[in-house]
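Chemist: Next comes the sequence, and after it the predicted model I'd like to discuss.
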Amino acid sequence: MRAGSEQTMAPLDGYRRMLRTGDWIRFYPLFPLVGALCAAGLSPRLLPVFVIFVLVTAYGFAVNNLADAAIDRRHAGKMAAGTNPCADGTLGRREAWLFCALLAALPLALALFMTPAGWVFTLASLAALTAYSVRPLRLKDRFGVDILCHGLMFGGLPFYAGYTLAGGAVPPLLSLPTAGALIATLVCCEALVVHEVLDYEQDAGTTPTTVVGIGRMGGVYAVAFLVALSVAALEAAAALFPLPLPVHAATFAFLVLYPVWGLRRLLPQVRSPGSRGSWP
């Protein structure tokens with residue numbers, strides 16, 4: 001009886017680990033929620049937007065695990081951490097594909113009950129997440145394109161989806177919602193570069209990321225450049241559109257402090273004499 005229970009629990013644990021919820025639940029749902037807030041304020045529509053993009057984001061991480069299974073088997077850190085149940089054999093490819101299909105179908109079904117434009121942007125978010133990980137496109141292996149796609153699939157497209165799901169019309173290019181989507185895209189580009197900088201040693205032998213191509217210090221410079229772009233976008237938006245001072249100040253603080261927090265493990269190395277010269 002105990003053996004049967006353990007066999008039942010193993011796939012359930014695999015499905016849980018496929019979601020990798022701890023990696024994103026406090027960060028990526030922020031962007032569609034801010035989009036929804038811009039369109040509808042504090043509204044009951046925020047809850048379905050949150051649910052839809054929890055499922056969309058979970059799909060993105062699950063399909064990435066499925067597509068990366070062979071690579072992650074050679075990645076000592078990921079195998080030790082047990083983050084990919086497709087790599088360690090807990091889940092087979094068929095179970096993983098069916099799970100991913102369910103995670104993609106549920107948010108599309110929910111979005112049908114909201115707005116047509118919101119459904120289209122939800123679909124676009126799922127398509128970008130798929131193109132990022134799955135062959136033949138697999139944009140995460142393309143120099144520079146990995147960063148742009150990451151920014152769009154977790155930042156700009158979800159922001160627009162949240163805005164339109166909450167009832168907002170598709171905004172013109174020169175508008176405050178478009179500025180918000182641009183800033184969300186830049187922040188999520190930055191998030192990937194920070195991740196690639198932190199994982200540089202392990203990725204160097206297994207994964208052709210952009211930071212592997214430009215070196216770890218090049219990645220730090222890329223983060224600084226993206227921060228500068230996001231702050232410039234915020235200041236331009238504040239000059240062109242009515243932006244409440246508390247929102248302006250809080251956004252500015254987030255844009256500046258987020259990369260410092262993200263790279264905090266590396267700050268002692270940067271400050272230590274001669275350490276920069278030893279970086280790739």
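Modeler: Arrived safely, thanks for sending.

Chemist: longest helix in this protein, by residue count?
Modeler: Ranked by number of residues, the top helix in the chain under DSSP state H is helix 216-240.

Chemist: Next, the buried residues of that one.
Modeler: By neighbour count on 16 or more other Cβ atoms under 10 Å, the buried set for helix 216-240 is 216-220, 222-223, 226-227, 229-231, 233-234, 237-238. In this view, the C-beta of every residue, glycine as well, is placed from N, C-alpha and C.

Chemist: do stretch 153-160 as well
Modeler: Within stretch 153-160, the residues that qualify as buried by neighbour count (16+ other Cβ under 10 Å) are 153, 154, 155, 156, 157, 158, 159, 160.

Chemist: How about the second one, nearest residue that isn't a chain neighbour?
Modeler: Spatial nearest neighbour of residue 154, excluding adjacent residues (Cβ to Cβ, 6 or more residues apart in numbering): residue 188 at 4.2 Å.

Chemist: Show the contacting residues for the one you found.
Modeler: Residues near residue 188 by Cβ atoms under 8 Å, 6 or more residues apart in numbering: 28, 31, 150, 151, 152, 153, 154, 155, 156.

Chemist: The stretch 151-280 of the chain: helices as residue ranges?
Modeler: 157-165, 176-198, 200-204, 210-214, 216-240, 245-262, 267-271, 275-278 (DSSP state H, counting those that start in this stretch).

Chemist: and what of the stretch 1-150 of the chain?
Modeler: Shown for the stretch 1-150 of the chain, the helices assigned by DSSP H, counting those that start in this stretch span residues 2-19, 30-40, 46-67, 69-72, 76-81, 93-111, 116-133, 145-151.

Chemist: closest one to residue 168 among these?
Modeler: Closest approach to residue 168 among the helices of the stretch 1-150 of the chain (Cβ to Cβ): helix 30-40, 3.2 Å.

Chemist: Okay, now the unreliable bits of the stretch 51-200 of the chain?
Modeler: Where the stretch 51-200 of the chain drops to pLDDT under 70, the residues are 75-77, 80-81.

Chemist: go with 80
Modeler: 72, 74-82 (pLDDT under 80).

Chemist: returning to what we had before: distance of the residue nearest to residue 154 from residue 161?
Modeler: 14 Å (Cβ to Cβ, to the nearest Å).

Chemist: wait, which of the contacts of residue 188 is closest to residue 85?
Modeler: Looking across the contacts of residue 188 and measuring by Cβ to Cβ, the closest to residue 85 is residue 28, at 20.7 Å.
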